[in-house]
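Undergrad: everything below, folded, please.
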Amino acid sequence: MQERKVTTKTLLAYGSGDIYGGGSFLIISTLFIFFLSNVVGLSPAVAGFIVFGGKAWDAISDPLFGCISDRTQSRFGRRRVFFLIGIVPVALSFFLLWISVRFDSQFFTAAYYFFAYLLFCTVFTSVMVPYNALVTEISTDYRTRTRLSGAKMLFSQFSALIAGTVPGFIVNNLYKHDQAKGFFLVGLYFGIFYAIPWIIVFKGTWESPEASHKQTQSLKESFRNLSSLMKNKTYKIHISMYLLAYSAMDIMSAAFIYFVTYYFGRPEIYIFCLGSMLLSQIICLPLYLFLANKIGKGRSYTIGAIILSIAMCTFLFIPHDIPLVLLITLSSIMGVGFSAIISMPWAMLPESSDVDELLNGEARSGAVAGMFTLIRKLVQAFVLWLFGTLLTLIGFNASLSQQAPSTIQGIRLIFCIAPLVCMMAAVMVSLHYPVTPKAFKVVRTELDRLHAGGLRKDADAETKRLCEKLTGHVYE
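TA: Take a look at the predicted model:
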């Protein structure tokens, strides 16, 4: 059966879903610990633990929800039905994070934000796991999937640009004398902003029946067998690239506002630096998508990681009185690197799902996406917890108008060294990513043959060799 044509309208409809995924986590990365410590009054260590501690439930819910999504049956499909269900919870759960709640006891204050964050993570899972799996069911074509992933990342980075500038402007400029109200409005406005696109995604996308294959395992068996994902060589390399990229992004995002506020002593330039970085991410995205179709997504990622490494090295040596124009230029160069390392891991997700099916014989893109969502949350939680702990260890005190020189130097080192270490490791790992456009074509041809009733033992020698290279196991 011929696949439905993916039009520009389809690309826009599908891509709009990541307005939520790309923006909400950036606001949390850049402002949530700042909000909890400077507005609510919790210590940075407690604030970091709230984010880190909320991940115990995610360790179960994210992969489990992926398995559930793979088995859901409804008149709206097994993925798209969750977009309708999630509209109101998306808005409400984000809003509840930014209400200034203070009890007499810090324990009860921390408990409120712990459960609010737990609710946000659960709602995020309920829509983003099916959303990330949907691309594998819209099309099986490499270039079309790259275009869909590109549209997703375009909206994601556009949302990140807004999330990285507007909330900071509201809090630090419009309501700098009443930041609690500023954060309240951020929660209200952006909660609505993140809920509306799910109507568009639902109406503008579809699920091709021929792209879905019936599950032969029970839900319980599938959940138990999730560990088999990590037996997939391609997936392990892919996950490593993803972890390193987002660890660098999260630590940089969390430290950025402290870096410009205390090292440069110019908090008002925060939105200009972050805005220029996010804008360059958007501008460079089409170039990386072009390179992905030509030289592969792994090599495109490598280029971005090298560029970002160079930028972070430069930040180690700049003086605190550097002119704003040079600082904006450096921030833009960072954005050029981030554009690749943030977009390529998500663009690789459908290929990891295909290789997983090749290895395990089950089409479980929902489970693959669920593990990805889980790892994204765990990484962010660990990084924010670590960042909050490091702030405490270097003597940061939000009540002081002027931090100690050793504290300022500590903030500078955290901002520069951690992303640099991640990117150096990312370059080494990405060189081993095995899926190229040519390899993908062989994988899709082999999967189509197997779906038609063919046997693994009948594959030709070259196909077997490539499949073994991708999976890390003897093909038969």
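Undergrad: all the strands of this protein, residue numbers only.
TA: Counting by DSSP state E, the chain has no strands at all.
Undergrad: what about the longest helix in it?
TA: helix 106-138 (DSSP state H).
Undergrad: next one: that one to chain centre, how far?
TA: The chain centroid and the centroid of helix 106-138 are separated by 13 Å under CA atoms, centre = their mean, to the nearest Å.
Undergrad: burial of Lys9, as a residue count?
TA: Using other CB atoms under 10 Å, the number of residues around Lys9 comes to 9. From N, CA and C alone the C-beta is placed, and that goes for glycine too.
Undergrad: residue contacts, the nearest residue to it once chain neighbours are set aside?
TA: Computed as CB to CB, 6 or more residues apart in numbering, the closest residue to Lys9 that is not its neighbour in sequence is Gly204, at 6.4 Å. Shown in contact with Gly204 (CB atoms under 8 Å, 6 or more residues apart in numbering): 9-10, 12-14, 16.
Undergrad: out of those residues, the closest to Gly395 would be?
TA: Ser16 (44.0 Å; CB to CB).
Undergrad: isn't that closest one up against Ala195?
TA: No. Judged on CB atoms under 8 Å, Ser16 makes no contact with Ala195 at a distance of 11.8 Å.
Undergrad: which outside residues touch stretch 384-392?
TA: 28-29, 32-33, 37, 43-49, 51-52, 250-251, 254-255, 258, 410-411, 414.
Undergrad: give me the number of residues near Phe49?
TA: Phe49: 19 neighbours (other CB under 10 Å).
Undergrad: equivalent analysis for Leu316, please.
TA: Neighbourhood size, Leu316 [other CB under 10 Å]: 12.
Undergrad: phi, psi of it?
TA: The phi/psi pair for Leu316 (degrees, to the nearest 10) reads phi -70, psi -20.
Undergrad: pLDDT at it, what is it?
TA: Among the per-residue scores, Leu316 holds a pLDDT of 85.
Undergrad: for it, which non-adjacent residue is closest in space?
TA: Looking at Leu316 with CB to CB, 6+ apart, the closest residue is Cys416, at 4.8 Å.
Undergrad: was I right about that neighbour contacting Thr314?
TA: No. The pair Cys416 / Thr314 is not scored as a contact, 9.0 Å apart, by CB under 8 Å.
Undergrad: more neighbours, those two?
TA: Using other CB under 10 Å as the criterion, Cys416 and Thr314 rank with Cys416 on top: 21 against 15.
Undergrad: could you list the low-pLDDT ranges of the stretch 101-250 of the chain?
TA: Counting by pLDDT under 70, the stretch 101-250 of the chain has low-confidence residues at 209-228.
Undergrad: now with 80, please.
TA: The model of the stretch 101-250 of the chain has pLDDT under 80 over residues 104, 140-142, 164, 172, 208-230.
Undergrad: let me know the pLDDT of the residue lying closest to Met312 once chain neighbours are set aside.
TA: Leaving aside its sequence neighbours, Met312 sits nearest to Leu420 (CB to CB, 6+ apart; 4.1 Å). pLDDT for Leu420: 91.
Undergrad: contacts only, for Leu420.
TA: Taking CB under 8 Å, 6+ apart, one finds 309, 312-313, 316 in contact with Leu420.
Undergrad: quick revisit: and which of the contacts of Gly204 is nearest to Ala347?
TA: Of all the contacts of Gly204, the one with the least separation from Ala347 (CB to CB) is Tyr14, at 13.2 Å.
Undergrad: OK, contacts around that closest one?
TA: 134-135, 138, 148, 151-152, 201, 204-205.
Undergrad: out of those, which one sits closest to Arg75?
TA: Comparing the contacts of Tyr14 against Arg75 with CB to CB places Thr205 closest, at 15.1 Å.
Undergrad: correct me, but that closest one touches Gly77?
TA: No. Contact criterion CB under 8 Å: Thr205 and Gly77 do not qualify, at 9.0 Å.
Undergrad: contact partners of stretch 158-173?
TA: Contact with stretch 158-173 is made by 18-24, 26-27, 30-31, 179, 182-183, 185-186, 190, 257, 267-268, 270-271, 274-275, 277-279, 281-282, as judged by CB under 8 Å, 6+ apart.
Undergrad: and those residues, which are buried?
TA: 18-24, 26-27, 30-31, 179, 182-183, 186, 190, 257, 267, 270-271, 274-275, 277-279, 281-282 (16 or more other CB atoms under 10 Å).
Undergrad: among those, which lie within helices?
TA: Within these, residues falling in helices by DSSP H are 18-24, 26-27, 179, 182-183, 186, 190, 257, 270-271, 274-275, 277-279, 281-282.
Undergrad: and stretch 400-409, what's buried?
TA: For stretch 400-409, the neighbour count (16+ other CB under 10 Å) marks 403, 407-408 as buried.
Undergrad: how about stretch 318-333?
TA: 327-333.
Undergrad: got those as JSON lines, with pLDDT and distance to Leu244 columns?
TA: Shown next, in JSON lines, are the buried residues of stretch 318-333 (pLDDT from 0 to 100; distance: CB to CB, whole Å):
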{"residue": "Leu327", "pLDDT": "89", "distance to Leu244": "25"}
{"residue": "Ile328", "pLDDT": "91", "distance to Leu244": "26"}
{"residue": "Thr329", "pLDDT": "93", "distance to Leu244": "25"}
{"residue": "Leu330", "pLDDT": "91", "distance to Leu244": "21"}
{"residue": "Ser331", "pLDDT": "90", "distance to Leu244": "21"}
{"residue": "Ser332", "pLDDT": "93", "distance to Leu244": "22"}
{"residue": "Ile333", "pLDDT": "94", "distance to Leu244": "19"}
